[in-house]
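**Q** Provided below for reference: sequence and predicted model.
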Amino acid sequence: MTIDNYSPYLAFSRETWSELRDTVHQPLSEAELKRLQGINDKVSLAEVRDIYLPLSRLLNLYVKAKQRRNRVLDQFLGKEPRHVPYVISIAGSVAVGKSTTARILQALLERWPQHPKVTLVTTDGFLYPNAVLEERGLMGKKGFPQSYDIRRLVQFVSDIKSGKPSVTAPVYSHLVYDIVPGQKAVVEQPDIVIIEGLNVLQSGMDYPHEPHRVFVSDFVDFSIFVDADERLLKTWYVERFLKLRSGAFADPESYFHHYAQLSEEEAVATASRIWHEINYKNLKQNILPTKDRAELILTKGREHGIDQVWLKK
Ligand SMILES: Nc1ncnc2c1ncn2[C@@H]1O[C@H](COP(=O)(O)OP(=O)(O)OP(=O)(O)O)[C@@H](O)[C@H]1O
Ligand SMILES: CC(C)(CO)[C@@H](O)C(=O)NCCC(=O)O
């Protein structure tokens, strides 16, 4: 671990961070390992043990401290104890692995008796429907600040944090490439909510077209940024596109059904073009500038292995 007096972060190499796994006394059972493997067969179990397990322990301690603080406040105010979810946000580029990280953390965090119910949500559901994006000339800007109904997203997180018994969000389908009419994601007072999306660390300054003074981060207890070199990100984006081409794109319901016919070479060229024209631009302009707002930064190297961990002091 390196302590640089001028940096707000403690920096850990992979080795020093992984030594912290000894702070978790309960090893992963066979059934848990199976479940984790089911999340994504590419996730290495050594990675889960060395990186995500110690992280889940740190989060467990933070959640317990916050639960205690809430009890003290309720006692002071003479109120009945309320059930307020602890909110963790995960930001980072398209294809960096936000949703996979969220699912691994969900599986690990649910092992503790203080927070057995962990719900995942994504900000994708707050993208405007394609009909609205088309009308506003924003189909080539999906994922950019203008493409989200930011007020509705902030209201959603605020409702969760205010302890409402049931809070709903619209649902986005990557297959249909649009909001699914009539479908809802429901959050019913879990112990922890993990909210994942490109934009969870953005503030009012990132939305000059829609100024707002209250941000998602105002309702977040702990924020994570998943980072990787841009060349790796492009590779992961293209790889996922190729995988979808041989799988999901074959579904006639898929927005990209016509891509199923592409040769491998054409598919790589198409994915590279979408990466450069949309997702890479968004990364540079709107996502990377929010990185140092995060409480924790995970830096990935080849094969999604975490090389470094940066934790705010
Ligand atoms: N820890 C990991 N180990 C191995 N592969 C991973 C890991 N995390 C993600 N991947 C792979 O990287 C790709 C992107 O992952 P994921 O879909 O989780 O990204 P994302 O950041 O949520 O993307 P988007 O913003 O587009 O929804 C997928 O192909 C996934 O299988
Ligand atoms: C839905 C988002 C914005 C974020 O998950 C992203 O996956 C996306 O669709 N970006 C637009 C360009 C593309 O199709 O990759």
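**A** Done, it's in. Ligands and ions are numbered 1, 2, ... in the order given.
**Q** interface residues of the chain facing ligand 1?
**A** Residues of the chain found near ligand 1 (Cβ under 6 Å from any ligand atom) are 40, 42-43, 92, 94-100, 236, 240, 304. All C-beta spots, glycine's among them, are computed from the backbone N, C-alpha and C.
**Q** what about the strands in the stretch 51-200 of the chain?
**A** 86-92, 118-122, 167-173, 178-187, 192-196 (DSSP state E, counting those that start in this stretch).
**Q** Give me the angle between the last one and strand 178-187.
**A** This means strand 192-196. 160 degrees (axes from the mean of the first three to the mean of the last three Cα atoms, to 10 degrees).
**Q** Now for the closest residue to ligand 2 within the stretch 101-250 of the chain: which residues touch it?
**A** The nearest approach of the stretch 101-250 of the chain to ligand 2 comes at Gly143, 2.9 Å away (Cβ to the nearest ligand atom). Contacts for Gly143 (Cβ atoms under 8 Å, 6 or more residues apart in numbering) come out as 94, 127, 198-199, 278-279, 282.
**Q** Quick one: distance of stretch 115-135 to the chain centre.
**A** Per Cα atoms, centre = their mean, to the nearest Å, the displacement of stretch 115-135 from the mean C-alpha position of its chain is 12 Å.
**Q** could you redo the strands of the stretch 51-200 of the chain as TSV and give each row mean pLDDT and distance to Phe76?
**A** Formatted as TSV, the strands of the stretch 51-200 of the chain follow (pLDDT from 0 to 100; distance: least, Cβ to Cβ, whole Å):
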stretch	mean pLDDT	distance to Phe76
strand 86-92	98	20
strand 118-122	98	28
strand 167-173	97	27
strand 178-187	97	27
strand 192-196	98	24
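**Q** Now the buried members of the residues of the chain next to ligand 1.
**A** 43, 92, 94-100, 236, 304 (16 or more other Cβ atoms under 10 Å).
**Q** what bits of the chain have low per-residue confidence?
**A** Scanning the chain with the threshold set as pLDDT under 70 gives 1-4.
**Q** same thing but 90
**A** Filtered on pLDDT under 90, the chain yields the residue ranges 1-7, 21-46, 49, 81-83, 174-176, 204-213, 242-264.
**Q** Spell out the residue ranges of the helices in it.
**A** Here the chain has its helices, by DSSP state H, at 14-19, 30-39, 45-47, 53-77, 98-109, 130-135, 150-161, 230-246, 264-274, 280-282.
**Q** Could you dump the ones you listed into a markdown table with distance to ligand 2 added?
**A** Shown next, in a markdown table, are these (distance: least, Cβ to the nearest ligand atom, whole Å):
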| stretch | distance to ligand 2 |
| --- | --- |
| helix 14-19 | 27 |
| helix 30-39 | 18 |
| helix 45-47 | 22 |
| helix 53-77 | 22 |
| helix 98-109 | 8 |
| helix 130-135 | 10 |
| helix 150-161 | 13 |
| helix 230-246 | 7 |
| helix 264-274 | 5 |
| helix 280-282 | 8 |
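**Q** Give me whichever of those is most buried.
**A** helix 98-109 (a mean of 22; mean count of other Cβ atoms under 10 Å).
**Q** got a list of what the closest residue to ligand 1 within the chain touches?
**A** Closest residue of the chain to ligand 1, Cβ to the nearest ligand atom: Gly97 (2.9 Å). Taking Cβ under 8 Å, 6+ apart, we find Gly97 in contact with 226, 236, 300, 304.
**Q** right, and the pair among the residues you listed with maximum separation?
**A** Taking Cβ to Cβ, the two most distant members of the contacts of Gly97 are Val226 and Trp236; they sit 11.3 Å apart.
**Q** Please enumerate the shared neighbours of the two.
**A** Residues touching both Val226 and Trp236 by Cβ under 8 Å, 6+ apart: 96-97.
**Q** how near is the spatially most central residue of the chain to Val220?
**A** Taking Cα atoms, centre = their mean as the criterion, Glu196 is the residue nearest the geometric centre of the chain, at 2.5 Å. In this structure, Glu196 and Val220 are 12 Å apart, going by Cβ to Cβ, to the nearest Å.
**Q** For the two, list the residues in contact with both.
**A** Joint contacts of Glu196 and Val220 (Cβ under 8 Å, 6+ apart) are Ser89.
**Q** Would you map the strands across the stretch 201-313 of the chain?
**A** 222-228, 296-300, 306-312.
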